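Participant: just need the structure, nothing else, for what follows:
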Amino acid sequence: MIVDFRSYTLNPGQLLSFFNMYAAEGWPIQAKHLGKCIGYYQADIGVLNRIYHLWEYKDIADREQRRAAMAADPAWSAYLAKTGHLFQNQENRILKPAPFWPIMPTVSNPVGVVDLRMYTARTGKLAEFLKVYETVGLPIQSKHLGRCVGFYQSDIGAQSQIVHMWAYEDVADRQRRRMAMAADPGFQTYLAAATPLRQFMENAVITPTPFWEPRI
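Facilitator: From the prediction side, this is the model:
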């Protein structure tokens, strides 16, 4: 399995126009051709006017076949003609599951917000980081944070990266859970082992878009 992880930034003031057109025209076409959308979000805290969407495929060949069929659909070309001017930039990367994904959730609260976190490991240290995380960090985060909705590593695009997503009821729920985790001595032990292996970290708080219902 692979995931096509896409982030698009719209021009200021164009987010609502895009959502209206996409929900009416773009979403039905992509759902028809691409199949399984495992996440479609908009930024709440982070880079504004940005959307994130994730599409799951069997493999690269499956992705290419499905996207080629979509590109050949006249309805898709008509939709693109209406929306292309709305974007500042678009980027994507191909991800594959981390060795320990999927992760069994420990809570069942509604998905109100998602903490999207992207870490870059030091060159040659990704495998070591993932091992440290699986053995030391994952048990602690699963205990305190509750529901991981995706944990992936880079395959095509930026290298030595992981992308992980944690769902919360709301921003206050996120804050409470992360504070409890930070106070856990075991988490400090994990940080001491993992921090030297990481080169760069960033995150965004994102929310599900109106036309996509979390099925997680």
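
Participant: need the pLDDT of the residue in the chain sticking out farthest from the centre.
Facilitator: The centre of the chain is farthest from one residue, residue 74, which by C-alpha atoms, centre = their mean lies 29.3 Å away. pLDDT for residue 74: 98.

Participant: same deal with residue 109?
Facilitator: For residue 109, pLDDT reads 75.

Participant: so what's the residue count around it?
Facilitator: 13 (other C-beta atoms under 10 Å). The way it works is simple: take the backbone N, C-alpha and C, and place the C-beta from them, glycine included.

Participant: for residue 89, same thing?
Facilitator: Using other C-beta under 10 Å: residue 89 sits among 9 other residues.

Participant: same thing with the one 5 residues further on?
Facilitator: As a burial measure, the neighbour count of residue 94 was computed by other C-beta under 10 Å and equals 16.

Participant: cool, and residue 195?
Facilitator: 10.

Participant: ok, and the closest non-adjacent residue to residue 70?
Facilitator: residue 33 (3.8 Å; C-beta to C-beta, 6 or more residues apart in numbering).

Participant: you'd agree the one you found is up against residue 68?
Facilitator: No: the pair residue 33 and residue 68 does not pass the contact test of C-beta atoms under 8 Å, sitting 9.1 Å apart.

Participant: which of those two has more neighbours?
Facilitator: Remark: of residue 33 and residue 68, residue 33 carries more neighbours, 18 against 10, as counted by other C-beta under 10 Å.

Participant: buried ones in the helix or strand where the residue nearest to residue 70 lies?
Facilitator: Assigned by DSSP states H and E, residue 33 belongs to helix 27-34. Across helix 27-34, burial judged by 16 or more other C-beta atoms under 10 Å covers 27, 29-30, 33-34.

Participant: quick one: the strands in the protein?
Facilitator: 2-10, 36-45, 50-57, 87-97, 113-121, 147-156, 161-168, 198-208 (DSSP state E).

Participant: right, I'll leave it there.
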